[in-house]
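[1] Okay, sequence plus prediction incoming.
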Amino acid sequence: EIKATGRPTNVYIVRLGLWRRYLQPADQFSGEFYATRFADYALLANSGDRAAVRQSVMHLFTHRFMRTQFGGVYPMWFDEGLAELLTFAELRTSQALLGNVHLRGDAWIPVDHLLRMDRSAPEYLSLVSSGSLHAQSWAMVHRAFIGDQALKGQMLAYLQEANDLVPVDDAVQKNFGLDITQLNAKIMAYANDPSWRTDMVPFDRIPAPDLGAGRAIPEAEALEMLATTMLDTGAKPERVPEVIDALENLAPGSARVTCLRMRVAARERNDVLLEQLWGLVEPKTQEPEVARDAGIALFDRV
């Protein structure tokens, strides 16, 4: 059963110009998922290609599922490999077809390196290496869950040891019965295999939610949403002030603007400015939203 998370997931599909200027983590990214303290964000570009947008949603919601339904630590390659597997799932009436797409990268990343990567790795954000990272991660997950399910138990045991912070070399030898060099050769051979097994997975269709009528968002509210998203996720920090400036032009003297500036000051550890801004906003903290926003800024500094 799906566990309640206690926090919302904000899904923003934005036009390409806005995406590239304010939200895109790196040049080749068309979407990104962020799990933050008080809300989750699924952010993606509206490329105009309906299939591509759908794939981005599938990818990001796999990340959301992992973040919200599983505790502990799991490696980036598994998170990305599973997301890629489900990105290309073909959903039918009561079954999903998995494993029918092979992603190809430009260069091979040694498995020894891949197993140790996190999202701070240059390869994750590199236009040259990101495709390889995702393709190899896909191949590792595909091999265990579809291509050769005898390996499934081995991979799950390996993931448990990763959660227990067992050194990578020891966990590989213990659970796969191979050293890293041998595992690298097996994954490379599998990734370059021209034939791919598929699997049909039954599922119960979930009725579409009633989202209600849409509404046009006023410009000031949209700017506040954008600035809050950038501050929560850390996207394009150098461009946050220009968004706040644009909001202040529409809402001069707004306490919400002051709170956003407090968050920038907290992030930059500018305690003198933070204290000055707090002096301006403190008389207005009887308003619940202002109290919340000011509290988040002070929490950011702590």
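    Good, I have the coordinates.

[2] if I pick Pro167, what's in contact with it?
    Contact analysis of Pro167 by C-beta atoms under 8 Å, 6 or more residues apart in numbering lists nothing. Yep, even glycine has a C-beta here, placed from its N, CA and C like the rest.

[3] May I ask which helix or strand of this structure has the lowest mean pLDDT?
    When the helices and strands of the chain are scored by mean pLDDT, DSSP states H and E, helix 122-125 comes last with a mean of 83.

[4] Give me the below-cutoff pLDDT ranges for the stretch 101-250 of the chain.
    The stretch 101-250 of the chain contains residues with pLDDT under 70 at 102-103, 105, 127-128.

[5] got the buried residues for the least confident helix or strand of the chain?
    By neighbour count with 16 or more other C-beta atoms under 10 Å, helix 122-125 contains the buried residues Glu123, Tyr124, Leu125.

[6] next one: stretch 244-256
    In stretch 244-256, counting by 16+ other C-beta under 10 Å, buried: Ile244, Leu247, Glu248, Ser254, Ala255, Arg256.

[7] Then stretch 23-31?
    Leu23, Gln24, Pro25, Phe29, Ser30, Gly31.

[8] ok now stretch 286-293, how far from the chain's centre?
    29 Å (C-alpha atoms, centre = their mean, to the nearest Å).

[9] Can you mark which positions in it are buried?
    Those would be Val290, Ala291, Asp293, for stretch 286-293 by 16+ other C-beta under 10 Å.

[10] tell me the centre residue of the protein?
    Phe33 (2.3 Å; C-alpha atoms, centre = their mean).

[11] what residues are up against that one?
    With C-beta under 8 Å, 6+ apart, Phe33 has these contacts: Asp40, Tyr41, Ala42, Leu43, Leu60, His63, Arg64, Arg67.

[12] isn't there a strand covering it?
    Yes. Under DSSP: H, G, I helix; E, B strand; the rest coil, Phe33 sits within a strand.

[13] how near is the nearest residue to it once chain neighbours are set aside to Leu44?
    Nearest residue to Phe33, sequence neighbours excluded (C-beta to C-beta, 6 or more residues apart in numbering): His63, at 4.0 Å. The gap separating His63 from Leu44 is 12 Å, by C-beta to C-beta, to the nearest Å.

[14] Quickly list what's touching both of those two.
    Joint contacts of His63 and Leu44 (C-beta under 8 Å, 6+ apart) do not exist.

[15] which residues touch stretch 279-295?
    Ala255, Arg256, Thr258, Cys259, Leu260, Met262, Trp278.

[16] I'd guessed the second one sits against Glu224; true?
    Yes. With the criterion set as C-beta atoms under 8 Å, Arg256 and Glu224 qualify as a contacting pair; they are 6.1 Å apart.

[17] Let me see the ranges of the strands in the stretch 101-250 of the chain.
    Ranges of strands within the stretch 101-250 of the chain are 199-202, based on DSSP state E, counting those that start in this stretch.

[18] what's the most distant pair in the contacts of Phe33?
    Among the contacts of Phe33, the pair separated by the greatest distance (C-beta to C-beta) is Leu43 and Arg67, at 14.3 Å.

[19] So the two - more neighbours on which side?
    Neighbour totals were compared for Leu43 and Arg67, and Leu43 leads with 26 against 16 (other C-beta atoms under 10 Å).
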